[in-house]
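Visitor: mind folding the following:
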Amino acid sequence: MLTTPTRQEILDELKQPLEATRVAKRKGAGNMELSYLQGYDVISSLNEIFGFDGWSDRLISLDFVADVGKGEMWRASVEISVMIGERAVAHADTGVGISRSKNAEEIEKAIKEAVTDALKRAARKFGDQFGNSLYDKDAPEHKGEQREKLATTPQLTRSETARAKAVELGFRTPKGAVPAPLADGEEERKVTAKTRVYEEFIAVNDKARVITLAQSEVAETEQFKRFLASASANKLPFAVDADLMAFENATSKHVEFPVIADNQTSEDWNAWATLIDSGSLRWPE
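Guide: Prediction:
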């Protein structure tokens, strides 16, 4: 069953670089090699990006222009209208076709060429997916080289979610700063690599955090009960097993008290309770 693409899905597709394998070549004036997209390719891309029922084209005009040699030149104007979310967006342009003779079949080919040319030129206004980048003489697609794809919105969301979780668990860049949220442009090309780094960090450190929170095994010991009682009596901000993360966070901010190791023993809890009772350990303001 076909589904209508969302506005964001369409915009994600439109901002991607043109696939170099889609670019066709032909000889132009002066034997110069020209890059272009074929008509069927443009139509296929319109269907793929906007949906089969998400776009339409309209022939605005079709005119005989002049005799050219033994043939004729025809000019067509075409408008393409697409749906981007709930908004209709239209672009129009003009194309030409030249027949090699005045034979009816040749003239028909010239007319079709003019209409296809107009359709491609109108589609180009929707961006690189329809060949707009080919008008840049320095574009890598002319050499068959592929530009890196940009991250889609779901990929950016996934990466930002992973980044936030990694920061929560203590992820820092080499310089010690919290990594900035991902932005458009160059950063989008690094999303895959960055997401992998964040998720690998989470896989290791989140597991360690779970181990720390799973100290229920010692919850029945007298030492652990004493620790909780001391914390409660001194109005420290937790009093239950599930709040051990708060204790880790607080102690890690004290230069004298490192983060609790994941393999805490009953004796360790007894020592922490003694520090609390003596007033040596206080939560930072």
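Visitor: let's verify the nearest residue to residue 28 once chain neighbours are set aside: helix, strand, or coil?
Guide: When the adjacent residues along the chain are set aside, residue 28 lies closest to residue 34, with 4.3 Å between them (Cβ to Cβ, 6 or more residues apart in numbering). The C-beta positions use only the backbone N, C-alpha and C, and glycine is treated the same way. Using DSSP: H, G, I helix; E, B strand; the rest coil, the secondary structure recorded for residue 34 is strand.
Visitor: show me the shaky parts of this protein.
Guide: For the chain, applying pLDDT under 70 flags the ranges 1-2, 172-187, 207-222, 224, 228, 235-268, 280-285.
Visitor: re the thing from before, can you pull the contacts of the residue nearest to residue 28?
Guide: With contacts taken as Cβ atoms under 8 Å, 6 or more residues apart in numbering, residue 34 has the following neighbours: 25-28.
Visitor: same thing but at 7 Å, please
Guide: When contacts are counted by Cβ atoms under 7 Å, 6 or more residues apart in numbering, residue 34 touches 25-26, 28.
Visitor: and these, which is closest to residue 6?
Guide: Distances from these to residue 6 were compared by Cβ to Cβ; the smallest belongs to residue 25, at 35.1 Å.
Visitor: packing partners for the helix or strand hosting the closest one?
Guide: Here residue 25 is covered by strand 24-27, with elements defined by DSSP states H and E. On a contact count with 3 or more Cβ pairs under 7 Å, 6 or more residues apart in numbering; DSSP states H and E, strand 24-27 meets strand 33-36.
Visitor: what residues of the strand it packs on count as buried?
Guide: Applying a neighbour-count criterion of 16 or more other Cβ atoms under 10 Å, the buried positions in strand 33-36 are 35-36.
Visitor: closest one of the contacts of residue 34 to residue 234?
Guide: When the contacts of residue 34 are ranked by distance to residue 234 (Cβ to Cβ), residue 25 comes first, at 77.8 Å.
Visitor: correct me, but the closest one touches residue 35?
Guide: Yes. The pair residue 25 and residue 35 passes the contact test of Cβ atoms under 7 Å, sitting 6.2 Å apart.
Visitor: strands of the chain, start to end?
Guide: Secondary structure of the chain, counting by DSSP state E: strands at 24-27, 33-36, 55-68, 71-84, 87-98.
Visitor: follow-up on the earlier one: from residue 78, how far out is the residue nearest to residue 28?
Guide: As for residue 34, its distance to residue 78 is 21 Å (criterion: Cβ to Cβ, to the nearest Å).
Visitor: swap in residue 14?
Guide: Relative to residue 78, residue 14 is positioned 19 Å away (Cβ to Cβ).
Visitor: when these two are compared, which one has more neighbours?
Guide: Relative neighbour count places residue 78 above the other of residue 14 and residue 78, with 25 against 16, counting by other Cβ atoms under 10 Å.
Visitor: ok, what's across the strand from that one?
Guide: According to DSSP bridges, the partner residues bridging residue 78 are residue 59, residue 93.
Visitor: please report how far it lies from residue 43.
Guide: Applying Cβ to Cβ to residue 78 and residue 43 gives a distance of 12 Å.
Visitor: ditto for residue 82
Guide: In terms of Cβ to Cβ, residue 82 sits 13 Å off from residue 43.
Visitor: what touches both of these two?
Guide: Overlap between the contact sets of residue 82 and residue 43, as judged by Cβ under 7 Å, 6+ apart, is nil.
Visitor: looking at those two, which has the bigger crowd around it?
Guide: Here residue 82 and residue 43 are set side by side on neighbour count (other Cβ under 10 Å), and the busier one is residue 82, at 21 against 16.
Visitor: now do the same contact list for the more buried one.
Guide: Taking Cβ under 7 Å, 6+ apart, we find residue 82 in contact with 50, 54-55, 89.
Visitor: gap between the residue nearest to it when sequence neighbours are not counted and residue 44?
Guide: If you skip the residues right next to it in sequence, residue 82 has residue 55 as its closest partner in space, 4.3 Å away by Cβ to Cβ, 6+ apart. Counting by Cβ to Cβ, the separation of residue 55 from residue 44 is 12 Å.
Visitor: which one's more surrounded, those two?
Guide: For residue 55 versus residue 44, neighbours defined as other Cβ under 10 Å are more numerous around residue 55 (21 against 12).
Visitor: how many neighbouring residues does the spatially closest residue to residue 17 that is not a sequence neighbour have?
Guide: Nearest residue to residue 17 in three dimensions, chain neighbours excluded: residue 147, at 3.8 Å (Cβ to Cβ, 6+ apart). With neighbours defined by other Cβ under 10 Å, the count for residue 147 comes to 16.
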